[in-house]
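S.K.: Coordinates for the following, if possible.
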Amino acid sequence: VTMELADGRVHCVECVGGDGTSAAELRQVLVECARALPFMRESIPKGYTTVKDACLAHEWGRVAVPMEEAVEVLRGQCEGQTVDVHGALGFWSLLGFMLVHDDWLLPRPTDMIDLVRPLVHHDPLAALDKTLARARPSAAAQDASADWVVPGFAKLGRDEQAGVRRMVERLVHDKVLCEELQAHLRGWKDASKPERDALLGVLVQFGLVVSHDVGGEAGRSGAGGDAREWLCTCRMDSTPGGAPWDKSEWQKFAGATEMVPVVTYTPEYVTSALFPHILASQMSNGEYKAGYRRRTELESGMLSVEIKATAERHEFFQLALTKGADGATQIVVAASSVGLLRSLCACVERVASWRFPGLSLAVQVHFSGADGACVWRIGADMTLGRILASKDWDRSVRVELLEPRETVSMKTREIFMAAPGIFFSHSWKDRSIQVGPFIRDQIEMRMRELVWYDEQMMSTEDQFQSRMAEGVKNAWVVCVFFSREVLASGNCLREICMAR
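M.R.: Reported below is the predicted structural model:
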């Protein structure tokens with residue numbers, strides 16, 4: 001899909017130098033596109049323009065103003081008129097003249113540029129060094145951009161300088177903005193704590209940062225003030241270039257390269273923010289943050305992570321942004337277990353659908369079948385994340401054998417080698433059926449391991465004995481819901497004996 005403006009041109013804008021001509025040209029094109037929209041000739045309440053003019057003319061003195069205070073000020077400037085100030089501010093906020101976020105008003109959205117500048121600075125550590133160099137008596141005139149990160153850095157005490165430098169290093173290498181650093185950054189240092197929280201909420205809304213303390217739902221919180229740390233997606237690399245993973249790394253994880261498929265997502269069009277948001281969502285996943293160990297730099301276009309699931313068991317996953325053979329940008333997902341792959345695919349699809357509604361993802365699953373390398377191209381009528389989440393292992397799908405070229409039918413169970421690592425032994429005659437599904441779901445969510453659990457009374461089926469024996473054999477843990485009914489059940493006793 002090729003996305004272009006109405007005039008069919010690509011507009012390059014000088015964002016650092018230049019005289020502003022290119023930005024003015026692009027603005028004019030956007031204005032003309034907006035004027036061509038069908039609803040642009042609709043009338044609005046006359047008082048709305050009064051509120052807008054009053055808001056833009058008033059000297060607020062702050063980037064963010066509490067909504068109640070702003071409404072009171074603007075009502076005073078609209079004397080003699082009956083105006084819905086809240087409605088007017090909300091209307092002009094939709095058009096970008098100002099911003100309304102929760103209970104706060106940002107009268108001039110362009111003021112946010114000064115707040116974003118230290119977060120996206122190309123070399124914040126060098127800016128600190130420039131600030132120190134400029135403070136020396138013999139120093140020549142220095143670039144004013146030195147103060148774009150931490151103004152007055154040279155005036156801080158030595159210990160405080162060291163602390164600020166460590167926090168800036170985290171911003172550079174780990175993309176983490178901590179609460180303490182905000183008190184020193186340009187634009188942020190002059191704002192109160194409530195104002196900072198409101199401004200962070202705006203950055204969350206725009207997708208420039210995500211809360212680092214909200215596990216599994218990174219960035220979904222609209223209130224930036226609920227966290228003490230934020231991941232700056234605006235600093236994360238979105239350039240394809242993730243190198244293929246080294247298979248020797250995977251050999252430590254039970255031959256995962258031979259067992260678990262690799263999934264590729266190809267967006268119909270490239271949006272630079274998609275991959276950083278996926279990375280941030282995984283890095284903020286509280287389910288396994290304690291055992292999380294990153295193995296690659298975020299600038300590499302790949303996130304490689306080792307997770308300590310238990311004392312004896314480690315997991316491994318990789319997310320990479322690469323170029324396919326046809327030159328298309330791809331997000332490649334690989335994991336050491338099907339349970340972890342489920343979590344990753346759900347994350348990719350959730351972020352894509354929530355942050356980028358309408359973005360279509362072409363999905364391919366690459367795996368080794370009995371007859372060689374295979375690929376399953378998932379159609380638009382299916383969602384891989386939903387198939388994995390629902391454990392729809394008996395679904396029949398068409399897959400392609402790469403050598404020789406032919407199409408065959410397979411079960412999803414064969415593709416993902418979905419052998420549960422945990423086996424639940426229970427009786428349908430006791431109370432375990434009331435808590436079993438809940439415990440299973442919690443284990444699968446937290447341990448990312450599939451659980452064998454009989455929900456359909458398979459003991460009445462002819463193949464139950466063989467399927468039960470296979471389940472116990474493949475499991476590394478057998479969990480028994482111990483009761484009198486279990487001891488009276490021949491099937492349960494057989495399961496326990498097999499486990500021993």
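S.K.: Isn't residue 265 up against residue 362?
M.R.: Yes: in this structure, residue 265 is within contact of residue 362 by C-beta atoms under 8 Å, at 7.3 Å. (Glycine included, C-beta is placed from N, CA and C.)
S.K.: Those two: who's more crowded?
M.R.: Taking neighbours as other C-beta atoms under 10 Å, residue 265 and residue 362 compare with residue 265 leading, 22 against 15.
S.K.: Name the SS class of the more buried one, please.
M.R.: At residue 265 the chain is in strand, as set by DSSP: H, G, I helix; E, B strand; the rest coil.
S.K.: Show me which parts of the top helix by length along the chain are buried, residue by residue.
M.R.: Ranked by residue count and defined by DSSP state H, the top helix of the chain is helix 338-355. The neighbour-count check on helix 338-355 (16 or more other C-beta atoms under 10 Å) flags 338-352, 355 as buried.
S.K.: And the furthest pair within these?
M.R.: Across the buried residues of helix 338-355, the longest distance by C-beta to C-beta is 25.9 Å; it joins 338 and 355.
S.K.: any low-confidence regions in the stretch 151-300 of the chain?
M.R.: Scanning the stretch 151-300 of the chain for pLDDT under 70 picks out the ranges 213-227, 241-259, 285-300.
S.K.: the helices in it, which residues?
M.R.: Per DSSP state H, counting those that start in this stretch, the stretch 151-300 of the chain carries helices over the ranges 158-173, 179-182, 193-205, 247-250, 256-259, 274-283.
S.K.: so the last one versus helix 338-355, what angle?
M.R.: Angle between the axes of helix 274-283 and helix 338-355 is 130 degrees (criterion: axes from the mean of the first three to the mean of the last three C-alpha atoms, to 10 degrees).
S.K.: helices or strands up against helix 274-283?
M.R.: Contacts defined by 3 or more C-beta pairs under 8 Å, 6 or more residues apart in numbering; DSSP states H and E place helix 274-283 against strand 209-211, strand 302-308, strand 314-323, strand 329-335, helix 338-355.
S.K.: what pairs with the shortest one, and is each one parallel or antiparallel?
M.R.: Meaning strand 209-211. Strand pairing for strand 209-211, determined by DSSP bridges: strand 229-232 (antiparallel).
S.K.: I'd like the helices and strands packed on helix 274-283 as CSV, with distance to residue 441 appended.
M.R.: As requested, the helices and strands packed on helix 274-283 are exported to CSV (distance: least, C-beta to C-beta, whole Å):
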stretch, distance to residue 441
strand 209-211, 25
strand 302-308, 20
strand 314-323, 19
strand 329-335, 19
helix 338-355, 12
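S.K.: show me the contacts for the closest residue in space to residue 185 that isn't next to it in sequence.
M.R.: Distance criterion C-beta to C-beta, 6 or more residues apart in numbering; nearest residue to residue 185, sequence neighbours excluded, is residue 118 at 4.6 Å. Shown in contact with residue 118 (C-beta atoms under 8 Å, 6 or more residues apart in numbering): 124, 148, 149, 150, 185, 186, 187, 188.
S.K.: tell me which of the residues you listed is nearest to residue 49?
M.R.: Distances from residue 49 to those, taken by C-beta to C-beta, are shortest for residue 187, at 30.1 Å.
S.K.: So the residue nearest to residue 185: helix, strand or coil?
M.R.: Taking three-state DSSP, the label given to residue 118 is helix.
S.K.: Now do it against residue 174, distance only.
M.R.: 16 Å (C-beta to C-beta, to the nearest Å).
S.K.: again, but for residue 196
M.R.: For residue 196 relative to residue 174 (C-beta to C-beta), the value is 20 Å.
S.K.: what about these two, which has more around it?
M.R.: Neighbours per residue (other C-beta under 10 Å) separate residue 196 from residue 174, with residue 196 holding more: 22 against 18.
S.K.: Hmm, the more buried one is touching residue 180, no?
M.R.: No: shown here, residue 196 and residue 180 do not form a contact pair, counting by C-beta under 8 Å, at 11.6 Å.
S.K.: still on that earlier bit, winner for burial among the helices of the stretch 151-300 of the chain?
M.R.: For the helices of the stretch 151-300 of the chain, the largest average neighbour count (mean count of other C-beta atoms under 10 Å) is found in helix 274-283, namely a mean of 25.
S.K.: Just the C-alpha atoms of it, please, in PDB.
M.R.: The C-alpha trace of helix 274-283 is given here as PDB (Å, rounded to 0.1, in the frame of the first residue of the first chain):
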ATOM      1  CA  LEU A 274       5.100  -0.300  15.500                       C
ATOM      2  CA  PHE A 275       8.300  -2.300  16.400                       C
ATOM      3  CA  PRO A 276       9.400   0.100  19.200                       C
ATOM      4  CA  HIS A 277       5.900  -0.400  20.800                       C
ATOM      5  CA  ILE A 278       6.200  -4.100  20.600                       C
ATOM      6  CA  LEU A 279       9.600  -4.000  22.200                       C
ATOM      7  CA  ALA A 280       8.400  -1.700  24.900                       C
ATOM      8  CA  SER A 281       5.400  -4.000  25.600                       C
ATOM      9  CA  GLN A 282       7.700  -7.000  26.100                       C
ATOM     10  CA  MET A 283      10.300  -5.100  28.200                       C
END
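S.K.: Determine the three-state secondary structure at the closest residue to residue 184 other than its chain neighbours.
M.R.: Spatial nearest neighbour of residue 184, chain neighbours left out: residue 150 (4.9 Å); criterion: C-beta to C-beta, 6+ apart. Using three-state DSSP, the structure places residue 150 in coil.
S.K.: can you pull the pLDDT of residue 150?
M.R.: Per-residue pLDDT puts residue 150 at 93.
S.K.: which residues does it contact?
M.R.: 118, 127, 128, 131, 164, 168, 184, 185, 186.
S.K.: Mind picking the one among those that's closest to residue 327?
M.R.: residue 118 (35.6 Å).
S.K.: pLDDT score for the closest one?
M.R.: Residue 118 is given a pLDDT of 92.
S.K.: which non-adjacent residue is nearest residue 487?
M.R.: residue 493 (7.3 Å).
S.K.: What separation do you get for that neighbour and residue 454?
M.R.: With C-beta to C-beta as the criterion, residue 493 and residue 454 are 15 Å apart.
S.K.: any low-confidence regions in the stretch 351-500 of the chain?
M.R.: Checking the stretch 351-500 of the chain against pLDDT under 70 turns up 417-419, 445-448, 455-464.
S.K.: Which parts of it are strands?
M.R.: Along the stretch 351-500 of the chain, the stretches classed as strands by DSSP state E, counting those that start in this stretch are 361-369, 372-378, 396-402, 405-411, 422-425, 451-452, 477-480.
S.K.: Same question for the stretch 51-200 of the chain.
M.R.: 65-66, 99-101, 104-106, 176-178.
S.K.: Give the rounded mean pLDDT of the shortest one.
M.R.: The pLDDT scores in strand 65-66 average 95.
S.K.: For the spatially closest residue to residue 51 that is not a sequence neighbour, give its distance to residue 71.
M.R.: Distances taken as C-beta to C-beta, 6+ apart place residue 88 nearest to residue 51, at 3.8 Å, with adjacent residues excluded. With distances taken as C-beta to C-beta, residue 88 is found 10 Å from residue 71.
S.K.: So for those two, which sits in the more crowded spot?
M.R.: Comparing residue 88 with residue 71 by other C-beta under 10 Å, the one with more neighbours is residue 88, at 24 against 17.
S.K.: how about that one, what does it touch?
M.R.: 45, 47, 48, 51, 52.
S.K.: cool, and residue 34?
M.R.: So residue 34 contacts residue 40 (C-beta under 8 Å, 6+ apart).
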